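Enquirer: Need coordinates for the following:
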Amino acid sequence: MFGSWRPADYIEQRVKQYQAWYDKKAVTAKSSYLRMRTTIVLGGVLVPVIVNSAIPYKDLIASVISLAVAAFVALESVYHYREQWKNYRSTEQFLSREQVLFLTGEGGYKEFKWAPAAFIYFVERCEGAIEAENASTLNVMTLAQQEAKPVKTSQAPPHI
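Expert: Numbering: from 1, shown residues only. Coordinates of the predicted model:
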């Protein structure tokens, strides 16, 4: 029913649910980002050592490691784990902070003399943060796809 959620309901059924979801996604994205970066760095350091060593099959080993490094660099430009991690974590932190400010009547909530108006403001800010994160993630993923498309330079720009 319209307007039936109380602040406690909204916090429990919406804010805390999103906080947990963003936290889980942030942990996963951070882990993926750090694993990829570690593999890239270690592979980049190991290849020159292997090439200059006397171990058997050094060319094959160096090639496999170089291929893995190149694949991880390419995958990072597709998945953007670092950006996802930052987006998810900052949104989760925003929701936590906003909840504390609302419940204590601090920050922007000090100005409200009427509790329902403060609740409306709280909902608008939380939903705005969720919407902004969704748009940001979509933008990052869309830009990655556009960057992957080849650019045709033979066409003249359209005339207005």
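Enquirer: Show residues contacting stretch 70-85.
Expert: 25-26, 29-30, 32-33, 36-37, 39-40, 43, 137, 140-141, 144, 147-148 (Cβ atoms under 8 Å, 6 or more residues apart in numbering). Where C-beta positions appear, they are placed from N, C-alpha and C, glycine not excepted.
Enquirer: what's the model's confidence in it, averaged?
Expert: Here stretch 70-85 scores 94 as its mean pLDDT.
Enquirer: Confidence-wise, which helix or strand of this protein is lowest on average?
Expert: Within the chain, judged by mean pLDDT, DSSP states H and E, the helix or strand with the poorest mean is helix 115-148; its value is a mean of 88.
Enquirer: what sits against the residue lying farthest from the centre of the chain?
Expert: Distance from the centre of the chain peaks at Ala54, with 43.1 Å (Cα atoms, centre = their mean). The contact partners of Ala54, taken as Cβ under 8 Å, 6+ apart, number zero.
Enquirer: what kind of secondary structure is it in?
Expert: With DSSP: H, G, I helix; E, B strand; the rest coil as the basis, the three-state label of Ala54 is coil.
Enquirer: what's the pLDDT at it?
Expert: According to the predicted model, the pLDDT of Ala54 comes to 93.
Enquirer: could we number from 56 for the rest of this?
Expert: All right, first residue 56 from here; so that's Ala109.
Enquirer: separation between it and Asp64?
Expert: 70 Å (Cβ to Cβ, to the nearest Å).
Enquirer: repeat for Gly98
Expert: Here Gly98 is placed at a distance of 50 Å from Asp64 (Cβ to Cβ).
Enquirer: And Ala172, by the same measure?
Expert: Ala172 is 18 Å from Asp64, where distance means Cβ to Cβ.
Enquirer: which of the residues in stretch 130-149 are buried?
Expert: Applying a neighbour-count criterion of 16 or more other Cβ atoms under 10 Å, one finds 131, 134-147, 149 buried in stretch 130-149.
Enquirer: sorry, that was for stretch 86-103
Expert: For stretch 86-103, by 16+ other Cβ under 10 Å, it's Ser87, Tyr88, Met91, Thr94, Ile95, Gly98, Val102.
Enquirer: Pop out the phi and psi values for His135.
Expert: Note on His135: its backbone torsions stand at phi 50, psi 50 [degrees, to the nearest 10].
Enquirer: separation between it and Asn142?
Expert: Taken as Cβ to Cβ, the span from His135 to Asn142 is 9 Å.
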